[in-house]
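*Asks:* I'd like to go over a predicted model; first the sequence, then the structure.
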Amino acid sequence: MGWSAKQPKSHQEHYETLKNLNIYTDSRDIDPAFKHLDKRDFCIPKKNATNADDFNPYTVDPQNIGHNQCFTSTVMHAISLQVLREGIMKKLQRNRVLRMVDYGCGYGYSTLAFAMMVDNVMKYEKGMGKFEIMGADVYQDFIEKAIMNSQNYRGKIVNQESIYLGFQVNDYLESEQKLKFKTQGPIDIMNFGFETSLEALETKRNLLASDALILAPISKDEQGSAEQTYTLLQNSRQGFKVVSEIMKTSFSMRVDKEKQVNDSLDADYFVTYKMSEQLKTFKESIKQLEGKFVALRKIHGGETLKLGELMKVEEIKQVLVELGDAKKKAQKLEFAIRDTTEQAEENDNQEIKQ
């Protein structure tokens, strides 16, 4: 279901549609983000799109950006800015560095939107601290595109000395990976562009400030679920406290990159194993046929008979045909196993580089 009966078809129409939905009340600080950020730069055309009518980047609904992931509806982006604005302002008023991570940043739309909102807050509010925001995603190509978008839009940010904007590949479910902020310290704000659970969040508590805010689509299923509640949480000594349950929603599911790799390796291993077993069968068959050929040749004249003479014996001819066929199939399997193994090794190397 769309948020608007008439879908916008240009950047200006998208901005006006979003504004007219009255999702956010703090238009002074939030408006500039949607006014500056052209959604066309943050999603990709459908593969089967043949003309402009087949692909409309300005719809406010979710759109594909690759890897079976979606660009979240800009309505949800507007809600996230509105929900977190007050908490960000209060923390900035402490006149220190505020660190925020935008998980599942995709091509960088939400990360840039938060940076632009804070930039506008700093225009009107005095005595503010510095703001560091890190866009994080599990996919290397997403981060590369986000960095390009950041370079193109960074000029729209006035307070560049007070706002640090970065992007990095980071697997939220990988505990050993560290976020590379400009300064070291606890994270004050976490924004999630994908589903997570309280159990998963608990593993990140050691990274958080004692009163950190987390905005996320929370599922009750520890393993992930499409049924989620968009929730604002606050860290405390007693655990995560629910500040507000905003709405029922359905974001992209969290990506377990390690599980994806293991599943892929398991699939590769299974295919290789099956081919290896088949190759073993062919080799046993080749051995039996060679033994049968030696026995038949001995019966029909021994080693002195030439191949042409042997082929005149129907029984020997049949054995040699079967033997040649088995050897060809075995050779094809050996090539296939080698290619599969080399591809798996190449995939492993790419994962390690990422």
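*Replies:* That came through, no problem.
*Asks:* pLDDT weak spots in the stretch 251-354 of the chain?
*Replies:* 253-274, 303, 305-307, 339-354 (pLDDT under 70).
*Asks:* hmm, try it at 50
*Replies:* Filtered on pLDDT under 50, the stretch 251-354 of the chain yields the residue ranges 257, 259-266, 351-354.
*Asks:* next: the chain.
*Replies:* 1-3, 49, 257, 259-266, 351-354.
*Asks:* show me it divided up by domain.
*Replies:* Structural domains assigned to the chain are 62-255, 258-353, following automatic domain parsing.
*Asks:* of the ones you listed, which is nearest residue 42?
*Replies:* domain 62-255 (4.3 Å; Cβ to Cβ). Every residue, glycine included, has its C-beta placed from N, CA and C.
*Asks:* one step back: pick the most buried one from the domains of the chain.
*Replies:* domain 62-255 (a mean of 18; mean count of other Cβ atoms under 10 Å).
*Asks:* rewinding a little: make TSV from the domains of the chain and add distance to residue 7 to it.
*Replies:* Formatted as TSV, the domains of the chain follow (distance: least, Cβ to Cβ, whole Å):
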stretch	distance to residue 7
domain 62-255	11
domain 258-353	33
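*Asks:* do a quick rundown of the strands in the stretch 1-150 of the chain.
*Replies:* 63-66, 69-71, 98-103, 131-137 (DSSP state E, counting those that start in this stretch).
*Asks:* cool, the stretch 201-350 of the chain as well?
*Replies:* So, for the stretch 201-350 of the chain - with DSSP E, counting those that start in this stretch - the strands run 208-218, 228-236, 239-249.
*Asks:* out of those strands, nearest to residue 299?
*Replies:* Here strand 228-236 is closest among the strands of the stretch 201-350 of the chain (Cβ to Cβ), at 76.3 Å.
*Asks:* and residue 318, how far from residue 330?
*Replies:* 19 Å (Cβ to Cβ, to the nearest Å).
*Asks:* residue contacts, the nearest residue to residue 108 once chain neighbours are set aside?
*Replies:* Distances taken as Cβ to Cβ, 6 or more residues apart in numbering place residue 146 nearest to residue 108, at 3.2 Å, with adjacent residues excluded. Going by Cβ atoms under 8 Å, 6 or more residues apart in numbering, residue 146 touches 105-108, 111, 135, 137, 167.
*Asks:* ok, now which ones touch the residue of the chain positioned farthest from its centre?
*Replies:* Here the chain reaches farthest from its C-alpha mean at residue 301, the gap being 69.0 Å by Cα atoms, centre = their mean. Applying Cβ under 8 Å, 6+ apart to residue 301 gives the contacts residue 309.
*Asks:* look up how far residue 294 lies from it.
*Replies:* 13 Å.
*Asks:* residue 44: how many residues sit nearby?
*Replies:* Neighbourhood size, residue 44 [other Cβ atoms under 10 Å]: 16.
*Asks:* going forward, the N-terminal residue is numbered 18.
*Replies:* New numbering, starting at 18: the last item is residue 61.
*Asks:* contacting residues around stretch 82-92?
*Replies:* Against stretch 82-92 from outside (Cβ under 8 Å, 6+ apart): 20, 31, 35, 38, 40, 51, 56, 59-61, 77-81, 121, 123-124, 126-127, 156, 158-159, 210-211, 268-269, 272.
*Asks:* please repeat the previous calculation with a cut-off of 6 Å.
*Replies:* 20, 35, 59-61, 77-80, 123, 156, 210, 269 (Cβ atoms under 6 Å, 6 or more residues apart in numbering).
*Asks:* with stretch 34-54 instead?
*Replies:* Under Cβ under 6 Å, 6+ apart, the answer for stretch 34-54 is 21, 25, 32, 91, 95-96, 98-99, 102, 130, 133-134, 137-138, 173.
*Asks:* again with stretch 340-358
*Replies:* In contact with stretch 340-358 (Cβ under 6 Å, 6+ apart) are residues 289, 292, 296, 299, 302-303, 306.
*Asks:* wouldn't residue 182 be in contact with residue 132 here?
*Replies:* Yes: using Cβ atoms under 6 Å, residue 182 is in contact with residue 132, at 5.0 Å.
*Asks:* sorry, back to before: a markdown table for the contacts of stretch 340-358, including distance to residue 145?
*Replies:* What follows is these, written out as a markdown table (distance: Cβ to Cβ, whole Å):
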| residue | distance to residue 145 |
| --- | --- |
| 289 | 58 |
| 292 | 63 |
| 296 | 68 |
| 299 | 73 |
| 302 | 78 |
| 303 | 78 |
| 306 | 83 |
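*Asks:* among those residues, which are in helices?
*Replies:* 289, 292, 296, 299, 302-303, 306 (DSSP state H).
*Asks:* quick check: the two most widely separated of these?
*Replies:* The widest separation within the ones in helices among the contacts of stretch 340-358 (Cβ to Cβ) is 25.4 Å, between 289 and 306.
*Asks:* who does the nearest residue to residue 150 once chain neighbours are set aside form a beta bridge with?
*Replies:* Spatially, and ignoring its direct neighbours in sequence, residue 150 is nearest to residue 117 (4.6 Å; Cβ to Cβ, 6+ apart). Residue 117 has the following beta-bridge partners by DSSP bridges: residue 150, residue 206.
*Asks:* pretty sure residue 128 is touching residue 151, no?
*Replies:* No: applying Cβ under 6 Å, one finds residue 128 not in contact with residue 151, separated by 7.8 Å.
*Asks:* what bridges to residue 87?
*Replies:* With DSSP bridges as the rule, residue 87 is bridged to residue 81.
*Asks:* circling back: name the residues contacting each of residue 182 and residue 132.
*Replies:* With Cβ under 6 Å, 6+ apart as the test, residue 182 and residue 132 both reach residue 150.
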